[in-house]
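In: need a structure here:
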Amino acid sequence: MICVVVDTNVYVSAFLFGGLPERVFLFAEEGAFTICISPAIAQEIRSVLTKKFGWSKSALADLLDPFLVSLRSVIPSQQVNLAKDRADNEILACALEAEAEAIVTGDDHLLKLKAFQGIPIMTPRQFITIKPWRW
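Out: Here you go, the predicted structure:
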């Protein structure tokens, strides 16, 4: 089964607003593909939800943690220093380690790359429309 790496902004949008970001996770839940995550990405999601959106530790434990456990965790063996933002580099390193088929993000800095080491980088809308897991 193919692996997809999802950026923090897509997780946050899915949890808070639903819409297309949430559909990415629903397709994964239906078994269309596996979402791969690294400990650094999981920590970034926790940080954004608590610091920017005021989630409590109990909300993280009740809503986020069970969800994260359902994902395939990978630990990148290589550092990537392509982007200025450390979090963007963590996404790229995770995708490289997981041998991902796609990176899904709303981050303009990553989207401008279009691809990384042959891994396409796309928005949730592009991902859902193109359906790379059916290639």
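
In: All the strands of this structure, residue numbers only.
Out: Assigned by DSSP state E, the chain shows strands spanning 3-6, 34-37, 72-73, 102-104, 115-116, 119-122.

In: Would you format those strands as CSV with mean pLDDT, distance to residue 14 and mean neighbour count included?
Out: From N, CA and C alone the C-beta is placed, and that goes for glycine too. As requested, these are exported to CSV (pLDDT from 0 to 100; distance: least, C-beta to C-beta, whole Å; neighbours: other C-beta atoms under 10 Å):
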stretch, mean pLDDT, distance to residue 14, mean neighbour count
strand 3-6, 96, 9, 26
strand 34-37, 96, 11, 20
strand 72-73, 95, 17, 13
strand 102-104, 97, 10, 27
strand 115-116, 95, 22, 16
strand 119-122, 96, 16, 20
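
In: Show me where the protein has its helices.
Out: 8-17, 19-29, 39-51, 57-59, 65-69, 86-98, 108-113, 124-130 (DSSP state H).

In: Contact partners for residue 13?
Out: Residues near residue 13 by C-beta atoms under 8 Å, 6 or more residues apart in numbering: 19, 21-22, 106, 124.

In: repeat that with 7 Å
Out: Residue 13 makes contacts with 19, 21, 106, as judged by C-beta atoms under 7 Å, 6 or more residues apart in numbering.

In: Name the member of those residues with the most neighbours.
Out: Within the contacts of residue 13, residue 21 tops the neighbour count with 25 neighbours, counted by other C-beta atoms under 10 Å.

In: residues touching it, list them.
Out: With C-beta under 7 Å, 6+ apart, residue 21 has these contacts: 10, 13-14, 124.

In: Mind listing residues that contact stretch 110-125?
Out: By C-beta under 7 Å, 6+ apart, the residues outside stretch 110-125 that reach it are 7, 10, 20-21, 24, 88, 91-92, 95-96, 100, 102-106, 130, 132.

In: Same question for stretch 95-107.
Out: By C-beta under 7 Å, 6+ apart, stretch 95-107 touches 2-7, 9-10, 13, 24, 36, 74, 76-78, 80, 88, 91, 110-111, 116-117, 119-124, 127, 132-133.
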